[in-house]
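Q: my questions concern the predicted model and sequence given below.
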Amino acid sequence: MSETTSSGEVRGPVATLRRIAFLMERQREETRRIEAFRNAARTILPLPEDEVRQRAEAGTLTQLSGIGPSTAAVITDACRGVVPERLLALERTAGPLADGGADLRERLRGDLHSHSDWSDGGSPLEEMAMTAMELGHDYLVLTDHSPRLTVAHGLSAARLARQLEVVDAVNEHVGDTFTLLKGIEVDILDDGSLDQTPEMLAQLDVRVASVHSKLKMDAAPMTRRMIGAVRNPYTNVLGHCTGRLVRGNRGTRPPSQFDARAVFSACVEEGVAVEINSRPERRDPPTPLLELARDLGCLFSIDSDAHAPGQLDMLDYGCTRAAEAGIDPDRIVNTWERDRLLEWAAARL
Ligand SMILES: [Zn+2]
Ligand SMILES: [Zn+2]
């Protein structure tokens, strides 16, 4: 995508700071260091351009809260029409995150799984939406967690209702070429029911259902639990189906045990998409299950599961895996245009 491969483009100070943060994030640099750039962007965003330029020339940017020597240097360069060395260095390594999925990535129109700071994401939902637009998406589904996932600040029905008003407000400002869609990553409870009220689920555009607790339960009850969720007419996407972690700072975790043929067959019957979760620490489903789902005729959704704006670009990893498995792009629901996607997501209601 041109956004991630362009280098040496001259931008204003706010756009330069945000671009640096985005590129650091997609390479998984430390959150605290990335936040310095986003905070600096937030600090200067409301200031008149003249004031920023005058402060840059006078060397007084660091008197503003949220701006330190390195972010001040970036702003000063940007004010002078110079691309900071920091950004040039990041752009030099900003190619695709994984090889072999570029054609498929080109065909993706959006992303069905993302988090904001309303649950356990690191950025405001507006920032997630803005970055999705910059990536060329037509839509992004905001899928913050549900109430029972308290460690991730899951949203109660009341908080979700408030979030939907904010999403409406964002959409009023972004124009026709992009839509922030209303969604949820709803927990699949032990008995296979979903962790949000039907009234709230009905107000959403797309619902991802995932197992986050008791991942080690026996295969028979886990199979019943997952099929229960798939049969629920509100479920559109089965999120990271095995729950495994293959690497990363949360350690590793084995895949949950269940009858994958039975679960994926239910997905085919109900038109539920099996998620290809792009996060490198998940790589979920594992390849043998991905191939089984392919052979059974499942729909798929290639999702970033982004918890920060730069992670929205992780779709590269999922595209590579889908391409390697030879999955037909028309069976991947986020290659569909928005209205077709919405029609599919509402088909069982
Ligand atoms: Zn999840
Ligand atoms: Zn998630």
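A: Looks like it came in fine. Numbering: from 1, shown residues only. Ligands and ions are numbered 1, 2, ... in the order given.

Q: now the strands for the chain?
A: Listed in chain order, the strands of the chain (DSSP state E) span 110-111, 139-142, 179-187, 206-210, 237-238, 273-277, 299-303.

Q: so which elements touch the last one?
A: Packed against strand 299-303, as judged by 3 or more CB pairs under 8 Å, 6 or more residues apart in numbering; DSSP states H and E, are the following elements: strand 273-277, helix 315-324. C-beta: built from backbone N, CA, C; applies to glycine.

Q: let me have these in JSON lines, adding distance to G175 and mean pLDDT as columns.
A: Compiled in JSON lines, the helices and strands packed on strand 299-303 are given as follows (distance: least, CB to CB, whole Å; pLDDT from 0 to 100):
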{"stretch": "strand 273-277", "distance to G175": "28", "mean pLDDT": "98"}
{"stretch": "helix 315-324", "distance to G175": "23", "mean pLDDT": "98"}
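
Q: E185: which of the ones you listed is closest?
A: For E185, the closest of the helices and strands packed on strand 299-303 is strand 273-277, at 10.0 Å, according to CB to CB.

Q: got the phi and psi for N236?
A: phi -110, psi -40 (degrees, to the nearest 10).

Q: neighbours of it, how many?
A: Counted with other CB atoms under 10 Å, residues neighbouring N236 total 28.

Q: got it, and the one 5 residues further on?
A: The criterion is other CB under 10 Å. On that basis, C241 has 26 neighbouring residues.

Q: same question, M222
A: M222: 23 surrounding residues under other CB under 10 Å.

Q: nearest residue to it in space, please, no chain neighbours.
A: With CB to CB, 6 or more residues apart in numbering as the criterion, M222 has its nearest non-adjacent residue at 4.3 Å, and that residue is F258.

Q: per-residue confidence for that neighbour?
A: What the model reports for F258 is a pLDDT of 98.

Q: of the helices and strands packed on strand 299-303, which is nearest L189?
A: Shortest distance between L189 and the helices and strands packed on strand 299-303, using CB to CB, is found for strand 273-277: 18.5 Å.

Q: list the contacts of the closest one.
A: Contacts of strand 273-277 from elsewhere in the structure, counted by CB atoms under 8 Å, 6 or more residues apart in numbering, are 112-113, 208, 236-241, 264, 267, 283-285, 290, 293, 298-303, 305, 318, 321-322, 333.

Q: closest to V74 out of the helices and strands packed on strand 299-303?
A: helix 315-324 (26.0 Å).
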